[in-house]
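Asks: Got a sequence here, can you build the structure:
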Amino acid sequence: MRVAINGAGIAGATLAWWLRRFGHEVLIVEKAHGFRTGGYLLDLWGIGYDVAEKMGVLPRLQAVQYHVEELRILDRQGRVCGGYPTKVLSRLARNRLLALARSDIAATIHGTLDSAVETIFGDSICAIRDDGNRLGIGFDHAPTREVDLVVGADGLRSRIRSLAFGSGSMFEHALGCHVAAFELSGYRPRQEGIAAIHGAPGRYVSRISLRDDKTLVFMVFRDEYLAGDIPANESQRKSALYGVFGDMAWECPQILGAMADASDIYFDSVSQIRMERWTTGRVALVGDAAACPSLIAGEGAGLAMAEAYVLAGEIHASRGDLVAAFARYEERMKPFLLHKQKAAQKLVGAFVPKNALAVAARNFATRLMRLPVFPELMMGRYLSDAIELPEYKT
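Replies: Have a look, this model is predicted:
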């Protein structure tokens with residue numbers, strides 16, 4: 001089949017890899033003018049790690065991973081008041097856990113695609129016409145084409161989802177928080193291998209050292225701290241973050257001062273996408289476009305890779321019967337994703353506790369992670385995937 005994928009992120013690149021492996025003709029369309037850079041770090045474990053292993057890309061991902069050795073929670077004066085070594089999480093994940101930049105995962109997978117996979121940057125699918133046998137797709141810039149299948153792998157704000165299923169507001173469920181992330185060049189202090197975290201009621205800020213003398217700043221805060229809608233441009237985003245974090249202690253004044261020179265600030269709501277169906281006609285959704293669990297779930301990249309693998313595998317196994325393939329895709333993945341979404345909803349309070357007592361309780365709980373048994377009791381269920389991926393013959 002001829003398949004058009006809107007979105008060159010982790011889900012889109014993984015889907016293209018598997019579809020090409022199964023002999024299909026693939027077109028990737030990405031609205032950005034090149035691979036996105038930056039973004040926050042995430043962990044790859046569980047079924048996502050398994051898919052990466054099946055694809056043979058683990059050595060490449062291991063080469064670009066970040067070695068975060070400790071999560072260190074600091075008080076107003078910068079004194080350690082909580083945290084734990086990350087090796088306890090690695091043990092829970094059976095030592096199959098990588099810390100990676102989101103953009104590095106997508107670029108690594110795309111780098112393994114052969115030249116037969118066409119990629120159009122700086123464009124997006126803007127129209128879909130179904131004549132019953134084929135889909136006519138329109139682009140913002142490129143000429144119209146005909147394909148057999150369109151897949152939306154274009155994230156939380158999926159354009160394909162809006163075209164095929166309706167407004168995104170019908171499916172987006174906010175978890176009561178917003179997130180921001182940006183990179184600083186030459187920021188000091190710099191602590192290699194340490195994720196430094198400071199929290200206050202309803203707010204959380206962290207920094208971690210990246211390559212090339214860059215520092216990633218990651219912020220989460222409850223909705224009540226933001227006046228108005230999500231800022232539309234860089235200047236408004238900076239202004240909003242000054243307002244939210246301007247009265248916090250630790251290094252916050254220093255970080256906000258350095259933010260004046262930052263660019264490409266990521267700023268969005270922390271939301272989930274919940275849908276009854278991920279497919280309709282000859283259109284399917286994968287990754288955050290279908291069932292975003294939110295960044296709080298911590299496994300979005302791996303889940304996207306697993307969804308892409310299963311969708312491609314079921315299309316292959318059904319020999320072109322999309323009705324059957326879509327039904328098995330949803331049957332295999334939807335209950336599991338729903339479970340992950342429910343788990344993420346319970347973690348909001350740990351990320352951004354509402355009051356000082358809850359902040360202190362969270363910090364104390366992280367200290368227990370250094371003791372035997374407690375890591376399994378507190379985090380074991382979040383780092384295990386109760387699903388077995390099917391095998392698909394090529």
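
Asks: Adjacent strands (with direction) for the strand ranked longest in the chain?
Replies: In the chain, ranked by residue count with DSSP state E as the criterion, the top strand is strand 172-185. As defined by DSSP bridges, the strand partners of strand 172-185 come to strand 214-222 (antiparallel), strand 266-273 (antiparallel).

Asks: Give the next helix or strand downstream of that strand.
Replies: Under the assignment DSSP states H and E, the closest C-terminal helix or strand after strand 172-185 is strand 194-200.

Asks: can you give me how far that next one is from the chain middle?
Replies: For strand 194-200, the distance from its own C-alpha centre to the chain's C-alpha centre is 21 Å (CA atoms, centre = their mean, to the nearest Å).

Asks: In the longest strand of the chain, which residues are buried?
Replies: 172, 175-184 (16 or more other CB atoms under 10 Å). Quick note: C-beta positions are derived from backbone N, CA and C, even for glycine.

Asks: would you list those residues in CSV and tack on pLDDT and distance to residue 379?
Replies: Converted to CSV, those look like this (pLDDT from 0 to 100; distance: CB to CB, whole Å):
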residue, pLDDT, distance to residue 379
172, 94, 27
175, 94, 19
176, 93, 22
177, 94, 20
178, 95, 25
179, 94, 21
180, 95, 25
181, 94, 23
182, 95, 28
183, 95, 28
184, 96, 30
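
Asks: Surely residue 220 is in contact with residue 353?
Replies: No - contact criterion CB atoms under 8 Å: residue 220 and residue 353 do not qualify, at 11.2 Å.

Asks: I'd like to know how far the spatially most central residue of the chain sits from residue 101.
Replies: Centrality entry for the chain: nearest residue to the mean C-alpha point is residue 300, 4.3 Å, by CA atoms, centre = their mean. Here the criterion is CB to CB, to the nearest Å. By it, residue 300 lies 13 Å from residue 101.

Asks: where do the contact lists of these two overlap?
Replies: residue 42 (CB atoms under 8 Å, 6 or more residues apart in numbering).

Asks: so where's this structure shaky on pLDDT?
Replies: 38-39 (pLDDT under 70).

Asks: Do a quick rundown of the helices in the stretch 51-200 of the chain.
Replies: Ranges of helices in the stretch 51-200 of the chain, per DSSP state H, counting those that start in this stretch, are 58-63, 87-92, 102-110, 159-165.

Asks: Just send those helices back as a markdown table, with mean neighbour count and distance to residue 12 too.
Replies: Formatted as a markdown table, the helices of the stretch 51-200 of the chain follow (neighbours: other CB atoms under 10 Å; distance: least, CB to CB, whole Å):
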| stretch | mean neighbour count | distance to residue 12 |
| --- | --- | --- |
| helix 58-63 | 13 | 17 |
| helix 87-92 | 17 | 28 |
| helix 102-110 | 22 | 8 |
| helix 159-165 | 21 | 11 |
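
Asks: Any idea which of these gets closest to residue 17?
Replies: helix 102-110 (6.0 Å; CB to CB).

Asks: who does the closest one touch, helix- and strand-wise?
Replies: helix 10-21, strand 41-44, helix 58-63 (3 or more CB pairs under 8 Å, 6 or more residues apart in numbering; DSSP states H and E).

Asks: Determine which of these approaches residue 322 most closely.
Replies: Of all the helices and strands packed on helix 102-110, helix 10-21 comes closest under CB to CB, at 13.0 Å.

Asks: helix or strand right after the closest one?
Replies: Defined by DSSP H and E, the subsequent element after helix 10-21 is strand 25-30.

Asks: can you dump the C-alpha coordinates of that following strand into PDB?
Replies: Taking Å, rounded to 0.1, in the frame of the first residue of the first chain, the C-alpha atoms of strand 25-30 are listed here in PDB:
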ATOM      1  CA  GLU A  25       5.500   2.600   0.100                       C
ATOM      2  CA  VAL A  26       5.800   5.300   2.700                       C
ATOM      3  CA  LEU A  27       5.600   9.100   2.600                       C
ATOM      4  CA  ILE A  28       6.400  11.100   5.800                       C
ATOM      5  CA  VAL A  29       5.100  14.700   6.000                       C
ATOM      6  CA  GLU A  30       6.500  17.000   8.700                       C
END
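
Asks: Taking helix 10-21 as reference, get the angle to that strand.
Replies: When axes from the mean of the first three to the mean of the last three CA atoms, to 10 degrees is applied, the directions of strand 25-30 and helix 10-21 differ by 160 degrees.

Asks: contacting residues around strand 25-30?
Replies: With CB under 8 Å, 6+ apart as the criterion, strand 25-30 contacts 1-8, 12-13, 16, 19-20, 110, 116-125, 139, 145, 147.

Asks: Same question for stretch 120-138.
Replies: Against stretch 120-138 from outside (CB under 8 Å, 6+ apart): 4, 6, 8, 27-34, 139-142, 144-150, 154, 159-160, 163-164, 281-283.

Asks: Buried members of the residues you listed into ChimeraX, please.
Replies: A single ChimeraX command suffices to select whichever of the contacts of stretch 120-138 are buried according to 16+ other CB under 10 Å:
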select :4,6,8,27,28,29,30,31,139,145,147,148,149,150,154,159,160,163,164,282,283
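
Asks: Sitting in strands, which of the contacts of stretch 120-138 do you find?
Replies: 4, 6, 27-30, 139, 145-147, 149-150, 283.

Asks: Just the closest of those residues to residue 253, please.
Replies: residue 30 (37.7 Å).
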